[in-house]
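[1] Kindly generate the corresponding structure for this input.
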Amino acid sequence: QERLVESGGGLVQPGGSLRLSCAASGFTFSRYAMSWVRQAPGKGLEWVSAIASNGGVSTYGDSVKGRVTISRDNDENTVYLQMYNLKPEDTGIYYCARVTGASSGGVGSWGQGTQVTVSS
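    Next up is the predicted model:
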């Protein structure tokens, strides 16, 4: 059974940093691209970032470009999202997702999400 478990969320002041983690199990992690998606209060899902199965290519949404870095450790079956210079508009639930392909595709499975709140 596939499982994705996010952690690392919390309350941070504007300008602060957070590192989110997503531990994967139940599938061959190194075969799939991984993605982070977020949902702000009262809004729809917004794609944040994705990383190819081998970690060679990373892509970012315009709203976070230059402020986040996605990475993965295929030995530890974990994907990370390092976020810098956080803004109040970054507040939301952050979900980890397995992509259906090695470099692109739809979403195969979701984690339960981790709350990020950026507020002074």
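[2] partner strands of the least confident helix or strand in the chain by mean pLDDT, parallel or antiparallel?
    Lowest on mean pLDDT, DSSP states H and E among the helices and strands of the chain sits strand 107-110, with a mean of 93. With DSSP bridges as the test, strand 107-110 is paired with strand 92-99 (antiparallel).
[3] thinking again about what came up before, give the buried residues for the least confident helix or strand of the chain.
    For strand 107-110, the neighbour count (16 or more other Cβ atoms under 10 Å) marks Ser109 as buried. Every residue, glycine included, has its C-beta placed from N, CA and C.
[4] Leu4 contacts Trp110, correct?
    Yes - in this structure Leu4 lies within contact range of Trp110 using Cβ atoms under 8 Å: 6.6 Å.
[5] shared neighbours of these two, anything?
    Here Leu4 and Trp110 have 96-97 as joint contacts, going by Cβ atoms under 8 Å, 6 or more residues apart in numbering.
[6] Strands along the protein, start to end?
    With DSSP state E, the ranges of strands along the chain come out as 3-7, 10-12, 18-25, 34-39, 45-51, 58-60, 68-73, 78-83, 92-99, 107-110, 114-118.
[7] Pull out the buried positions in the last one.
    Neighbour counts over strand 114-118 (16+ other Cβ under 10 Å) mark 114, 116-118 as buried.
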